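[1] kindly return the folded structure for what I paste below:
(one chain, ligands or ions: 1)
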Amino acid sequence: MAYDHLLKVLLIGDAGVGKSSLLLRYTEDKFDEALGSTIGVDFKVKTVEADGKRVKLTLWDTAGQERFRTLTSSYYRGAQGVVLVYDVTRRATFDDLQRWLEEVDAYAPGGGEEVVKLLVGNKIDRDVVVPRTEAAAWARRRGMLFVETSAKAAVGVTQAFCEVVNKILENP
Ligand code: GDP
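    Numbers count the residues shown, from 1 in each chain. Coordinates of the predicted model:
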């Protein structure tokens, strides 16, 4: 089907934060408690309408494990958006964000300057350990968008991807 924009958006972050679950919720409106961890790279396609334009989104998902790190430079090539995901119930996944951001800056187009970055704190249906205000400040200092989500309870997921798409389309 015809579209006006073809966008590549990546999900990154530690294993188990819910990247695959966010994609499954967004593209099929499903949640699978027993979702196996992603082997290598997978992607899903979704067509949305934004700003009166048809936008075809390719959403890429890679496991956070170090053993897949060799995929890095090709994974980032041609991306317009990067979604950095942490798990609000696990502080370590938030502390690792700096390292993920360094990877974005090393491999994404324009040294990370040309991609729209969104911080997502997932699993807000559970007990939150990383305060929302702290994460929001972290994102703001780095010029990133910020949304809290629950892939399980279907909270904030559509909003998260809409924000990325709208911001990408705002850029010339
Ligand atoms: P990935 O490794 O980052 O792709 O993470 P997965 O999508 O495989 O999710 C890891 C685990 O967290 C799975 O057991 C999911 O069912 C669970 N999970 C993902 N999102 C949520 C959420 O929003 N809330 C809760 N409670 N669990 C979630």
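[2] please enumerate residues in contact with the lowest-mean-pLDDT helix or strand in the chain?
    For the chain, counting by mean pLDDT, DSSP states H and E, helix 72-76 ranks last in confidence among helices and strands (a mean of 83). Helix 72-76 is contacted from outside by 10, 41, 60, 62, 82, 103-104, 107-109, using C-beta atoms under 8 Å, 6 or more residues apart in numbering. (Each C-beta comes from the backbone N, C-alpha and C, glycine too.)
[3] closest one of those to the ligand?
    Nearest to the ligand out of the contacts of helix 72-76 is residue 62 (C-beta to the nearest ligand atom; 8.7 Å).
[4] what's around the closest one, how many residues?
    Counted with other C-beta atoms under 10 Å, the neighbours of residue 62 add up to 23.
[5] now it, which residues is it bridged with?
    residue 41 (DSSP bridges).
[6] same check on residue 147?
    residue 120.
[7] how about the helices in the chain?
    Along the chain, counting by DSSP state H, helices occupy 19-28, 72-76, 91-95, 97-107, 132-141, 157-170.
[8] can you put those in CSV and add mean neighbour count and distance to the ligand?
    Output for the helices of the chain, formatted as CSV (neighbours: other C-beta atoms under 10 Å; distance: least, C-beta to the nearest ligand atom, whole Å):
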stretch, mean neighbour count, distance to the ligand
helix 19-28, 22, 3
helix 72-76, 15, 14
helix 91-95, 16, 9
helix 97-107, 15, 12
helix 132-141, 14, 15
helix 157-170, 18, 9
